[in-house]
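Asker: using only what follows, build the 3D model:
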Amino acid sequence: MRIVAVLLTAALVPAVSAQTPTLRPGQYELVSEFSMAGRTGGLPARKEQHCFTAQELQDLAARVAKANAKQNCKVVDSKTTGSTQTFTTECENPDGTRLTSSGEVTFTSPDSYRVVVTMKRPTSPDGTTITISAKRIGDCAK
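Answerer: Model (predicted):
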C-alpha cells in the first residue's frame with residue numbers, strides 16, 4: 001500500500017505543481033479508492049485529512065520530488081486543458097521492471113479536486129486504478 005502511495009505521489013508532481021495555485025490553503029479531506037483489474041472486492045476506501053498551507057501548496061512539487069528521488073520516475077507526457085491536466089509517467093523499479101502511470105487531475109473548484117490514476121506493470125497490463133477525491137473542510141488547526 002505504501003509503495004502505491006509513493007508512486008501515486010511521484011506521478012502527481014507535474015499535475016499538482018501546475019494546478020495548485022487554484023487551491024485554497026486549509027484542511028482537506030482525501031478519500032482514496034483502489035481497484036485492481038480482474039479482482040472483485042477491492043480495498044475499502046481510505047479517508048484521511050491533510051493541512052495544506054500556502055507555502056506547502058506553492059512548493060509542493062519540489063517537496064514531493066525530493067521525497068521521491070529514489071523512485072527514478074520521469075514524466076513522459078503532460079497536457080493541461082482548462083482545469084484538467086493529464087499526464088503519463090514511467091518509473092524504473094530497483095529490480096529493473098518498469099511501471100507506467102497515466103492519470104487525470106481535475107480541479108473542480110478552489111476547494112476541491114479529483115484524481116484518477118492507472119498504474120500498469122508489463123506483467124499486469126490491466127493495472128491498478130486509484131481515485132482520490134479531495135475537498136477543503138475548513139481552516140487548519142493552529
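Asker: gap between stretch 97-113 and the chain center?
Answerer: 5 Å (CA atoms, centre = their mean, to the nearest Å).
Asker: which strand runs longest in the chain?
Answerer: Longest strand in the chain, counting residues (DSSP state E): strand 124-138.
Asker: name the strands paired with that strand and say parallel or antiparallel.
Answerer: strand 26-36 (antiparallel), strand 112-121 (antiparallel) (DSSP bridges).
Asker: neighbouring contacts of it?
Answerer: By CB atoms under 8 Å, 6 or more residues apart in numbering, the list of residues contacting strand 124-138 from outside reads 4, 8, 23-24, 26-38, 49, 110-121. Quick note: C-beta positions are derived from backbone N, CA and C, even for glycine.
Asker: avg pLDDT for that strand?
Answerer: Mean pLDDT, strand 124-138: 87.
Asker: enumerate the positions of that strand that are buried.
Answerer: Across strand 124-138, burial judged by 16 or more other CB atoms under 10 Å covers Gly127, Thr128, Thr129, Ile130, Thr131, Ile132, Ser133, Ala134, Lys135, Arg136.
Asker: quick one: low-confidence ranges for the protein?
Answerer: The model of the chain has pLDDT under 70 over residues 1-21, 38, 41-42, 57-71, 124-125.
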